[in-house]
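> structure for the following, please:
(chains A, B, C, D, E and F)
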Protein chains: 6
Amino acid sequence: MIDIRIIKAPSAGTMNIIRSRSGARWGEDFSPAAVGLVQGKLIDMVVASDIAEKTAGVRVTDVRGSCPQNMVLLAIAGDTAEVVECLGRIEREGGEANGYR
Amino acid sequence: MIDIRIIKAPSAGTMNIIRSRSGARWGEDFSPAAVGLVQGKLIDMVVASDIAEKTAGVRVTDVRGSCPQNMVLLAIAGDTAEVVECLGRIEREGGEANGYR
Amino acid sequence: MIDIRIIKAPSAGTMNIIRSRSGARWGEDFSPAAVGLVQGKLIDMVVASDIAEKTAGVRVTDVRGSCPQNMVLLAIAGDTAEVVECLGRIEREGGEANGYR
Amino acid sequence: MIDIRIIKAPSAGTMNIIRSRSGARWGEDFSPAAVGLVQGKLIDMVVASDIAEKTAGVRVTDVRGSCPQNMVLLAIAGDTAEVVECLGRIEREGGEANGYR
Amino acid sequence: MIDIRIIKAPSAGTMNIIRSRSGARWGEDFSPAAVGLVQGKLIDMVVASDIAEKTAGVRVTDVRGSCPQNMVLLAIAGDTAEVVECLGRIEREGGEANGYR
Amino acid sequence: MIDIRIIKAPSAGTMNIIRSRSGARWGEDFSPAAVGLVQGKLIDMVVASDIAEKTAGVRVTDVRGSCPQNMVLLAIAGDTAEVVECLGRIEREGGEANGYR
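Here you go, the predicted model:
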């Protein structure tokens, strides 16, 4: 089960939450039109991260939970249409149960 | 699943619990008419936090659980009507399953 | 889901368990007639704590689980009738799902 | 839900596991006829511990899980009949849902 | 619920995983014909460990999870027939719900 | 329950996530045609790791979650046909419930 959400015109506080939990790979003045959020099992997050990195026009980072090595949430920033496109690909391709053939 | 509660005229001890677990962003003499509480998955808390920050008249902070980086509970303070309005928006908009289009 | 129990005439060892996990806000010679216990989600424990603090005649403390910042259990001490009254209020008012209006 | 087991004539290795996880309140030469084990929620373990301490002829200690402050398992040592009697009291009285009146 | 598996002719890498997570009580040249694995609740692992220690011809160690004090998996090494015999005893005797009388 | 996924032509970022969480046993220039991912209980991951190590043509590493000692995910790299063959063996042989005889 993968949870997917989108935040349009994210507030400065929201960008700060993501930045402070993600190793600060996004600059303080990074203000995208939309941020997509994807949460799920570690195995699905590795797959979703690979899909996002292969999608043009978006930037991806992980938002950490209780421990630094524990990736539970992906944030995908970009123009709204590109984020929506990327989230659609993750929903279609990222959670196929045992679809490895 | 998002859990939502409201505390009207919160006691001094309750404000102290919230303050001591939230990085002390609220002053010791901050005594709002009501405090709304929202608990859920990390992905939903990021969305709810964005909604609260865009709601006029309320102040929002996170109440941490077992680890400093682990946000599990949001506290939203303000006048009762404004807190109720904000909690209603979070209930309506914050938990839409995969509603990213 | 909130779990509620009562211990009448708690043993010295039981009082010691509660004291050693609660920041020692109760003295070593504090020997109440009854101790009520309430366990549930963090959001419900904040609400229950507020109810207990507004109940005359009882003293409330949190019993911590695996980490100091993680409140999972409330202990409510006092005369038996007062503790029962407080636990009844928590059962009736503390767990209302999304009852924030 | 409370889980209850009994080990008759526990091996030296089993006594060592319990001792090494319980703050060493039992001596290295303590070799009881039986050890009862009780596992459940923190709230039920506090109640069960109180019952065991009020039972004549048994000694009780907690066996810790992942963190020192996290009590998940009780060990109750003594003669077989006394341990069985104590486990029976815990099964009957320890897990009553919300039976606080 | 107890999970039970057996690995016949375990690879060097598998023996290394078990050794590195178990306090190194098995030597680097210990190469048993079979390794049985048992996973379950802490209470069941204490019981299973006692059964294994009373079984002739096998050696038992715990394989730790996320924290050193948290025993979640037992490894039982020996000749295949002896490991199978030991796993059978654990399956039959180790998970009896509340069977303490 | 074992979760199995495959990533074909994994991106550099995906290989970096795996490498940074696995003790760096794969070199920075290691760029396999495919990476298989396997997630499940600790007991199943030990069995799956043994199967992978006995499969010709693939390399296996663990991807850690929240704590260094906590193995939750296996990554299996190699040519696509070999990775698919290995994942098939894990699916068929790795999750047999209590199949130890």
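
> which parts of chain A are helices?
Secondary structure of chain A by DSSP state H: the helices cover A:12-20, A:42-53, A:80-93.

> which one is A:G57 nearest to, not counting chain neighbours?
Closest residue to A:G57 apart from its sequence neighbours, by CB to CB, 6 or more residues apart in numbering or on different chains: A:E82 at 3.9 Å. For every residue, glycine as well, the C-beta is placed using N, CA and C.

> enumerate every residue touching that neighbour.
A:55-58 (CB atoms under 8 Å, 6 or more residues apart in numbering or on different chains).

> now mean pLDDT too, for the helices of chain A, in TSV please.
Shown next, in TSV, are these (pLDDT from 0 to 100):
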stretch	mean pLDDT
helix A:12-20	87
helix A:42-53	91
helix A:80-93	93
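
> so which of the ones you listed is the most packed in?
Among the helices of chain A, helix A:42-53 has the highest mean neighbour count (mean count of other CB atoms under 10 Å in any protein chain shown), at a mean of 24.

> and A:L87, what does it touch?
Per CB under 8 Å, 6+ apart, neighbours of A:L87: A:4, A:6, A:36, A:38, A:76, B:100.

> typo on my end, it should be A:D44
So A:D44 contacts A:2, A:94-95, F:3, F:5 (CB under 8 Å, 6+ apart).

> quick check: it vs C:S20, distance?
41 Å (CB to CB, to the nearest Å).

> just to revisit the earlier point, with the contacts of A:D44 in mind, which one is nearest to chain E?
Nearest to chain E among the contacts of A:D44, counting by CB to the nearest CB, is F:D3 at 16.1 Å.

> so what's the nearest residue to the closest one once chain neighbours are set aside up against?
Nearest non-adjacent residue to F:D3, counting by CB to CB, 6+ apart: F:Q39, 4.5 Å away. Neighbouring residues of F:Q39 by CB under 8 Å, 6+ apart: A:41-43, F:2-3, F:45, F:72-74.

> same deal with A:A52?
So A:A52 contacts A:58, A:60, A:74, A:76, A:86, A:90 (CB under 8 Å, 6+ apart).

> can you redo these as JSON lines with distance to D:W26?
Converted to JSON lines, those look like this (distance: CB to CB, whole Å):
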{"residue": "A:V58", "distance to D:W26": "59"}
{"residue": "A:V60", "distance to D:W26": "53"}
{"residue": "A:L74", "distance to D:W26": "48"}
{"residue": "A:I76", "distance to D:W26": "54"}
{"residue": "A:C86", "distance to D:W26": "58"}
{"residue": "A:I90", "distance to D:W26": "53"}
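
> which residues does the residue nearest to A:T80 when sequence neighbours are not counted bridge with?
Leaving aside its chain neighbours, A:T80 sits nearest to A:A34 (4.3 Å; criterion: CB to CB, 6+ apart). Beta-bridge pairing for A:A34 (DSSP bridges): A:K8, A:G78.

> and stretch A:14-27, end to end?
This stretch, stretch A:14-27, spans 13 Å end to end (CA to CA, to the nearest Å).

> quick one: it near chain F?
No - Stretch A:14-27 lies out of reach of chain F by CB under 8 Å from any CB of the partner chain, never closer than 10.9 Å.

> any idea how far the residue nearest to A:I18 when sequence neighbours are not counted is from chain C?
Of all residues not flanking A:I18 in the chain, A:A75 sits nearest, at 4.9 Å (CB to CB, 6+ apart). Distance from A:A75 to chain C, counting by CB to the nearest CB, to the nearest Å: 24 Å.

> how about A:R19?
Counting by CB to the nearest CB, the gap from A:R19 to chain C is 23 Å.

> now that residue: closest residue in space, sequence neighbours ignored.
Spatially, and ignoring its direct neighbours in sequence, A:R19 is nearest to A:W26 (5.3 Å; CB to CB, 6+ apart).

> for that neighbour, list the residues it contacts.
Counting by CB under 8 Å, 6+ apart, A:W26 has contacts A:15, A:18-19, A:59, A:61, A:77.

> can you add distance to D:F30 and give these back as TSV?
TSV is the format used below for those (distance: CB to CB, whole Å):
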residue	distance to D:F30
A:M15	59
A:I18	54
A:R19	55
A:R59	61
A:T61	54
A:A77	61
